[in-house]
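Participant: the sequence isn't on hand, but the structure is:
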């Protein structure tokens with residue numbers, strides 16, 4: 001069956017894979033050490049002649065030590081390690097916490113009925129974890145916050161925060177539905193930020209003192225944001241005095257924002273990809289974006305934010321984006337060292353003229369040069385500038401924004417109506 005999710009434990013000794021049929025498989029590497037070099041899971045081949053080696057699913061017949069994990073009976077949507085080898089398994093049927101240490105520890109499934117109750121039986125799109133705090137975003141668009149150690153509900157939002165409902169795999173969920181999930185970032189010792197996508201502007205909340213409060217950002221206007229719904233929200237730096245955020249959207253844009261302690265958020269830079277980024281890993285000053293068509297883009301963010309954001313002393317945002325980078329690194333770092341053709345020093349972004357408040361950059365995705373029908377990055381043939389007709393572009397952008405504003409208002413109205421219908425008592 002198709003792989004839908006993968007999670008790597010902090011020590012690299014457990015890798016959990018989730019499948020389209022609701023099943024999971026746990027690969028064990030009890031003898032593994034980071035000093036060993038390339039992770040055994042990534043050693044599909046030592047040949048450099050085939051760039052697709054690490055993209056295959058040959059690990060299913062690789063002979064690696066493994067055991068079958070829980071089967072939730074519906075497509076897996078997300079996997080997140082909570083602590084030790086406890087894993088949050090989210091699927092279109094719900095969510096459960098399971099100890100993946102060995103096959104004998106799988107029986108103690110926790111929080112399954114609790115999540116089902118407070119999410120009204122809805123499937124779970126995604127999970128975000130920070131220490132004992134977990135955020136779950138349901139397919140109906142509702143957000144819940146949990147204490148995983150106490151196994152109790154902390155907060156349940158009264159209305160859906162994501163207007164577009166996820167139809168599920170059977171009814172044609174697209175790559176953006178599958179990528180719509182919550183994000184958690186540590187702001188300080190007493191404050192945690194919970195962010196959700198799904199609207200044209202990022203939705204931010206602060207969890208402090210046991211309460212979750214959505215922020216009313218002072219100067220946010222629809223024309224400042226994406227032209228279509230936000231997919232992902234990644235903090236480059238998360239601090240009370242000043243934060244920097246990277247967002248990806250259905251409009252194929254990546255945007256950098258500056259957010260200060262007065263709840264003022266300002267767009268700083270916009271990058272345009274060939275296809276929307278459904279996931280982003282932050283690695284140093286690089287944003288490594290996986291796009292909806294299977295392509296891959298690398299953007300150097302360093303020229304567009306203060307140098308202190310990427311300094312060693314800077315407090316990285318937290319587990320949501322930074323840890324995803326660690327997970328990928330734990331499997332692939334050694335492979336990069338062995339690869340003589342590493343492109344980590346290549347900037348795939350090129351400047352373009354702009355008539356907007358913030359500069360707009362076009363990003364050629366790295367993988368496009370492998371596609372004969374695509375004009376991708378080439379050392380011999382630089383990307384062509386996009387023709388910029390100021391009058392036509394202004395009218396087109398304004399019309400799209402106006403239409404998107406109306407659609408966003410309609411989505412909000414439909415969400416309110418759904419809530420009223422759900423609360424109606426004859």
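Facilitator: Alright, I've got the coordinates. Small disclaimer: the values here were computed from a predicted structure and weren't measured.

Participant: what strands line up against the one helix or strand residue 243 maps to, and which way round?
Facilitator: Following DSSP states H and E, one finds residue 243 within strand 242-249. Here strand 242-249 has these sheet partners by DSSP bridges: strand 230-237 (antiparallel), strand 253-260 (antiparallel).

Participant: return the most buried member of the ones you listed.
Facilitator: Across the strands paired with strand 242-249, the average number of neighbours (mean count of other C-beta atoms under 10 Å) peaks for strand 230-237, which reaches a mean of 25. C-beta here means a position set from N, CA and C on the backbone, and glycine is covered the same way.

Participant: run through who's touching stretch 20-33.
Facilitator: With contacts defined as C-beta atoms under 8 Å, 6 or more residues apart in numbering, stretch 20-33 is touched by 1-4, 11-19, 39-41, 59-60, 64-76, 79, 89, 91, 93, 100, 102, 169.

Participant: do a quick rundown of the helices in this structure.
Facilitator: 112-118, 175-179, 322-338, 390-423 (DSSP state H).

Participant: could you turn the buried ones of the contacts of stretch 20-33 into a ChimeraX selection?
Facilitator: Buried residues among the contacts of stretch 20-33 (16 or more other C-beta atoms under 10 Å), as a ChimeraX selection:
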select :4,12,13,14,15,16,17,18,19,39,40,41,59,66,69,70,72,74,75,76,79,89,91,93,100,169
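
Participant: returning to what we had before: least reliable of the helices of the chain going by mean pLDDT?
Facilitator: Mean pLDDT values for those show the minimum at helix 322-338, a mean of 40.

Participant: the residue lying closest to residue 68 once chain neighbours are set aside: how many residues sit nearby?
Facilitator: Leaving aside its chain neighbours, residue 68 sits nearest to residue 25 (6.0 Å; criterion: C-beta to C-beta, 6 or more residues apart in numbering). For residue 25, the count of nearby residues is 17 (other C-beta atoms under 10 Å).

Participant: and for residue 101?
Facilitator: By other C-beta under 10 Å, 15 other residues sit near residue 101.

Participant: any idea how far the nearest residue to it once chain neighbours are set aside lies from residue 295?
Facilitator: Closest residue in space to residue 101, ignoring its immediate chain neighbours: residue 85 at 4.5 Å, by C-beta to C-beta, 6+ apart. From residue 85 across to residue 295, the span is 34 Å (C-beta to C-beta, to the nearest Å).

Participant: ditto for residue 162
Facilitator: From residue 162 over to residue 295 (counting by C-beta to C-beta), the distance is 26 Å.

Participant: these two - which one has more neighbours?
Facilitator: Neighbours per residue, other C-beta under 10 Å: of residue 162 and residue 295, the larger number sits with residue 162, 27 against 22.

Participant: so what's the more buried one up against?
Facilitator: Shown in contact with residue 162 (C-beta under 8 Å, 6+ apart): 137, 141, 180, 196, 197, 198, 199.

Participant: hey, what's residue 146 bridged with?
Facilitator: Beta-bridge partners of residue 146, counted by DSSP bridges, are residue 134, residue 153.

Participant: you'd agree it is up against residue 111?
Facilitator: Yes - under the criterion of C-beta atoms under 8 Å, residue 146 makes contact with residue 111 at 7.2 Å.

Participant: more neighbours: which of those two?
Facilitator: Counted by other C-beta under 10 Å, residue 146 and residue 111 do not tie: residue 146 has more neighbours, with 26 against 20.

Participant: out of the strands paired with strand 242-249, which comes closest to residue 410?
Facilitator: With C-beta to C-beta as the criterion, residue 410 lies closest to strand 230-237 of the strands paired with strand 242-249, at 17.4 Å.

Participant: mind listing what residue 164 touches?
Facilitator: With contacts defined as C-beta under 8 Å, 6+ apart, residue 164 is in contact with 141, 177, 180, 198, 229, 411.

Participant: skipping adjacent residues, who's closest to the first one in space?
Facilitator: What that stands for is residue 141. residue 160 (3.2 Å).

Participant: then the fifth one?
Facilitator: In this structure, residue 229 finds its nearest non-sequential neighbour in residue 250, 5.1 Å apart by C-beta to C-beta, 6+ apart.

Participant: got it, and the fourth one?
Facilitator: If you skip the residues right next to it in sequence, residue 198 has residue 162 as its closest partner in space, 3.2 Å away by C-beta to C-beta, 6+ apart.

Participant: what's the answer for the last one, then?
Facilitator: Take residue 411 and drop its neighbours on the chain: the residue closest to it by C-beta to C-beta, 6+ apart is residue 163, 3.1 Å away.

Participant: quick one: residue 16 from residue 6, how far?
Facilitator: Counting by C-beta to C-beta, the separation of residue 16 from residue 6 is 7 Å.

Participant: who touches both of these two?
Facilitator: Common neighbours of residue 16 and residue 6, using C-beta under 8 Å, 6+ apart, are residue 79.

Participant: state the mean pLDDT of stretch 41-59.
Facilitator: 56.

Participant: no, scratch that, I was asking about stretch 199-209
Facilitator: Here the average pLDDT along stretch 199-209 is 90.

Participant: now stretch 98-108
Facilitator: What stretch 98-108 shows for mean pLDDT is 93.

Participant: which residues does it contact?
Facilitator: For stretch 98-108, the external contacting residues (C-beta under 8 Å, 6+ apart) are 14, 16, 26, 28, 67-70, 84-87, 89, 109-110.

Participant: appreciated, that's everything.
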